[in-house]
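Enquirer: could you look at this predicted model? Sequence included:
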Amino acid sequence: MEKIGAALLSFGMSGRVFHAPFLDLHSGFELLGSWERSSKKIEEAYPGVKSYESLEAVLDDPEVTLVVVNTPTYTHYDYARKALEAGKHIIVEKAFVSTTKEARDLAALAQDKGLHIGVFQNRRFDSDFRTVKSVLDKGLIGEVVEASIAFHRYKAELSPKTHKEIPSAGAGIIKDLGAHVIDQALALFGLPKSVFADIGITRPDSQVDDYFDILLRYEGDLRVHVKGGYYFREPTPEFAFYGRKGTFLKSRSDVQEDQLQAGMKPDDPAYGLESDDDKGLLHTEVEGEIIKENIPTLPGDYKAYYAEVYAALTGKGKMPVTAEDGIQVMQVIDAAFLSAKEGKVIPLDLES
């Protein structure tokens with residue numbers, strides 16, 4: 001099996017939880033190390049790998065084929081561009097970059113150099129989203145006319161990660177949790193024809209957006225709301241789909257992040273398996289009969305993300321989340337901010 005050397009640009013939470021375990025597990029990748037600025041932890045977690053002193057050290061390493069840009073969003077464009085210029089394939093954390101223009105620029109550079117860009121949208125591989133997609137793909141509720149995809153939390157205090165709370169091109173909830181739900185909506189329904197957004201600040205000391213309700217309008221009758229905020233103490237069905245035949249409701253209940261944080265390995269037999277208490281509710285009509293039943297949740301599977309990345313890098317598939325996918329998410333984000341600022345519907349048939 002062809003080996004692909006991979007390096008991270010950070011070994012904080014995302015590197016430790018979302019990337020290193022899967023690169024280490026997959027037999028086609030070799031986890032070479034991570035850029036670490038102060039604390040040196042990756043060598044302790046993965047003996048024999050490198051702790052790089054600088055970005056240049058990562059990019060100058062001839063063994064590195066794939067660079068994972070998992071640093072704060074405002075750094076993504078600069079680091080990703082330098083990695084591409086150095087001839088490296090890249091995986092870039094959500095929200096990809098800060099603007100649609102930056103996203104298109106990176107995509108064009110990668111194409112010119114014959115390199116791959118993947119956007120890390122791991123929530124496509126959550127148990128809840130996989131279950132929702134399965135229900136819709138089977139047509140169990142008929143043509144969808146309205147949907148709501150939310151990422152709600154109760155977290156009134158500001159994040160200790162200052163890059164999330166100090167105003168910058170990458171700060172705020174929309175380029176954090178919002179990027180997830182927008183990507184999920186686009187993965188299901190494609191790019192909408194227009195965007196109308198309400199964006200606000202609800203926490204007393206917040207300096208950045210921490211609430212959003214964005215309406216995506218499609219051709220025909222379909223309307224999709226994507227929402228997020230930090231004052232939702234009581235869980236709600238964060239996936240709600242209303243079709244011409246029926247309804248499907250599902251809580252956001254994927255366990256993978258918690259399991260990984262607790263030290264579970266991705267090859268553990270219990271990995272990705274939800275409790276039976278988190279089944280979705282299907283109320284619909286099948287062959288003239290009204291049914292109302294709980295739908296078992298499919299397992300979460302972040303392993304599939306890097307399996308598909310490997311296939312793409314070895315010429316046997318395509319990236320699970322492409323640069324074009326990332327561009328479209330940025331189009332919606334840019335349109336949402338413009339809509340909230342001007343108080344009007346923003347069509348997406350214009351260049352952003």
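Expert: It's in.

Enquirer: now name the helix or strand holding Thr202.
Expert: Thr202 belongs to no helix or strand when assigned by DSSP states H and E.

Enquirer: next, the nearest residue to it once chain neighbours are set aside: phi, psi?
Expert: Counting by CB to CB, 6 or more residues apart in numbering, Thr202 lies nearest to Tyr211, which is 4.8 Å off, once chain neighbours are set aside. (Each C-beta comes from the backbone N, C-alpha and C, glycine too.) Backbone torsions for Tyr211, taken as degrees, to the nearest 10, come to phi -150, psi 140.

Enquirer: list the beta-bridge partners for Tyr211.
Expert: For Tyr211, the beta-bridge partners are Gly200, Gly229 (DSSP bridges).

Enquirer: show me the contacts for it.
Expert: By CB atoms under 8 Å, 6 or more residues apart in numbering, Tyr211 lies in contact with 173, 198-202, 228-231.

Enquirer: can you tell me which of those residues are buried?
Expert: Buried members of the contacts of Tyr211, scored by 16 or more other CB atoms under 10 Å, are 173, 199, 228-230.

Enquirer: could I get those residues in a markdown table, plus columns for pLDDT?
Expert: Shown next, in a markdown table, are the buried ones among the contacts of Tyr211 (pLDDT from 0 to 100):
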| residue | pLDDT |
| --- | --- |
| Ile173 | 96 |
| Ile199 | 98 |
| Gly228 | 97 |
| Gly229 | 96 |
| Tyr230 | 94 |
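
Enquirer: ok, of these, which one's closest to Ile166?
Expert: Relative to Ile166, the closest of the buried ones among the contacts of Tyr211 is Ile173; by CB to CB it sits at 13.9 Å.

Enquirer: so how far is Val208 from the closest one?
Expert: Using CB to CB, to the nearest Å, we find Ile173 at a distance of 7 Å from Val208.

Enquirer: likewise Leu273?
Expert: Leu273 is 35 Å from Val208, where distance means CB to CB.

Enquirer: who's more crowded, the two?
Expert: Val208 (20 against 16; other CB atoms under 10 Å).

Enquirer: can I take it that that one is in a helix?
Expert: No - counting by DSSP: H, G, I helix; E, B strand; the rest coil, Val208 falls outside a helix, being coil.

Enquirer: my read: it touches Glu165, true?
Expert: Yes - using CB atoms under 8 Å, Val208 is in contact with Glu165, at 6.0 Å.

Enquirer: shared neighbours of those two, anything?
Expert: Common contacts of Val208 and Glu165 (CB under 8 Å, 6+ apart): Ala171.

Enquirer: can you give me the neighbour number for Arg233?
Expert: Each residue near Arg233 was counted by other CB under 10 Å, and the total is 10.

Enquirer: isn't Phe232 up against His152?
Expert: Yes - counting by CB under 8 Å, Phe232 touches His152, with 3.6 Å between them.
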